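Engineer: this one's sequence-less:
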């Protein structure tokens, strides 16, 4: 049976506060847990008016404490923004608090604009992007029960651990949308995620690079992959498209370097004036979404996993809210994951 998971950027819509957006995400995670989804990952993006997912470790602690079974993780920690030791310490503690349920997805992109990147670098907590491979290796070592050995300038070795007495460690995944990340994951023998929800091209090439170059390791004895996709499911194809429009318009603004704001409601998106450039972007982007009625969406999800031979599909439920929806809930996002689970036949979705 197909495995389904969720990637959440924690969207913030018109007139909604961060607290209300977080409340709706907790509800969504709890519903995903009950429906039988495999993982619930949160992203790392900075200084974006419509995205509350800024700190994966904090969010994972919140969501793990409010769910029971589902794996909770990062999609991902943008490593250039962080010192490797701090990442290892955070996720060692998360694993200790929710054993066997924590995923550490690591990405190489900054997840921010150049100004935010500079601010993070000035704080002294960032790491050199050119040291990404060695930083990943350091994190993996630090998470282990034996920790890592650090060679001092004196020539002596110093034992360093992320936590005093680890009995388990989170699953480590490499994320990316290019040959670079795929090749690195293969060389380390790590599981790999292709970020298809924002990069609609290059998946076949990246996955081939990963599979053909994979070296078995202590983390995986064979290639393990999944990919992400934006998803909106409703009772009809027309309703699904209407709910997708706020996200599509926001992505168009992002890709064309236009000012961003809180995510529009369905009504605001329907009334928005658009130009030819926006319409062209939407027409091209929508083909990469899982979008439509339950039957349509399930067929698209199966076709995507079969085309790329991935072991799992992680959907980002981007359905927009109506103006009348409660500000601390996201009924359309919940309906998306419910209808998709039922159409796929996920776990005991139909009986929940």
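Structural biologist: Done, it's in. For clarity, every value in this text was computed on a predicted model and none was experimentally measured.

Engineer: going by C-alpha atoms from here, please, whenever you check contacts or count neighbours.
Structural biologist: Will do.

Engineer: give me the most central residue, the chain.
Structural biologist: Taking Cα atoms, centre = their mean, the centroid of the chain lies closest to residue 75, which sits 3.2 Å from it.

Engineer: I figured it hits residue 45, correct?
Structural biologist: No. In this structure, residue 75 is not within contact of residue 45 by Cα atoms under 8 Å, at 10.3 Å.

Engineer: where do the helices sit along this protein?
Structural biologist: Using DSSP state H, the helices found in the chain span residues 18-35, 56-66, 84-97, 114-122, 132-143, 179-188, 203-213, 237-255, 266-271, 276-285, 294-308, 331-344.

Engineer: let me have those helices in CSV, extended by mean pLDDT and distance to residue 170.
Structural biologist: CSV is the format used below for the helices of the chain (pLDDT from 0 to 100; distance: least, Cα to Cα, whole Å):
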stretch, mean pLDDT, distance to residue 170
helix 18-35, 98, 19
helix 56-66, 98, 12
helix 84-97, 97, 6
helix 114-122, 79, 26
helix 132-143, 93, 8
helix 179-188, 95, 16
helix 203-213, 96, 21
helix 237-255, 95, 32
helix 266-271, 97, 38
helix 276-285, 92, 34
helix 294-308, 96, 25
helix 331-344, 98, 25
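
Engineer: how many other residues sit next to the closest residue to the residue nearest to the centre of the chain other than its chain neighbours?
Structural biologist: With sequence-adjacent residues excluded and distances taken as Cα to Cα, 6 or more residues apart in numbering, residue 75 is closest to residue 43, at 4.7 Å. Residue 43 has 24 neighbouring residues, counting by other Cα atoms under 10 Å.

Engineer: how much space is there between residue 43 and residue 267?
Structural biologist: The gap separating residue 43 from residue 267 is 27 Å, by Cα to Cα, to the nearest Å.

Engineer: hmm, back to that, export the helices of the chain as JSON lines, with columns for distance to residue 173 and mean neighbour count.
Structural biologist: Output for these, formatted as JSON lines (distance: least, Cα to Cα, whole Å; neighbours: other Cα atoms under 10 Å):
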{"stretch": "helix 18-35", "distance to residue 173": "20", "mean neighbour count": "20"}
{"stretch": "helix 56-66", "distance to residue 173": "14", "mean neighbour count": "19"}
{"stretch": "helix 84-97", "distance to residue 173": "13", "mean neighbour count": "21"}
{"stretch": "helix 114-122", "distance to residue 173": "23", "mean neighbour count": "13"}
{"stretch": "helix 132-143", "distance to residue 173": "10", "mean neighbour count": "19"}
{"stretch": "helix 179-188", "distance to residue 173": "8", "mean neighbour count": "21"}
{"stretch": "helix 203-213", "distance to residue 173": "13", "mean neighbour count": "18"}
{"stretch": "helix 237-255", "distance to residue 173": "26", "mean neighbour count": "20"}
{"stretch": "helix 266-271", "distance to residue 173": "35", "mean neighbour count": "16"}
{"stretch": "helix 276-285", "distance to residue 173": "26", "mean neighbour count": "14"}
{"stretch": "helix 294-308", "distance to residue 173": "18", "mean neighbour count": "17"}
{"stretch": "helix 331-344", "distance to residue 173": "23", "mean neighbour count": "22"}
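
Engineer: reformat the ones you listed as JSON lines; add distance to residue 318.
Structural biologist: JSON lines is the format used below for those (distance: least, Cα to Cα, whole Å):
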{"stretch": "helix 18-35", "distance to residue 318": "12"}
{"stretch": "helix 56-66", "distance to residue 318": "19"}
{"stretch": "helix 84-97", "distance to residue 318": "27"}
{"stretch": "helix 114-122", "distance to residue 318": "25"}
{"stretch": "helix 132-143", "distance to residue 318": "30"}
{"stretch": "helix 179-188", "distance to residue 318": "26"}
{"stretch": "helix 203-213", "distance to residue 318": "21"}
{"stretch": "helix 237-255", "distance to residue 318": "6"}
{"stretch": "helix 266-271", "distance to residue 318": "12"}
{"stretch": "helix 276-285", "distance to residue 318": "13"}
{"stretch": "helix 294-308", "distance to residue 318": "14"}
{"stretch": "helix 331-344", "distance to residue 318": "7"}
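
Engineer: in the protein, which strand has the most residues?
Structural biologist: Counting residues, the longest strand found in the chain (DSSP state E) is strand 225-233.

Engineer: show me how far that one is from its chain's centre.
Structural biologist: Mean-position distance between strand 225-233 and its chain equals 10 Å (Cα atoms, centre = their mean, to the nearest Å).
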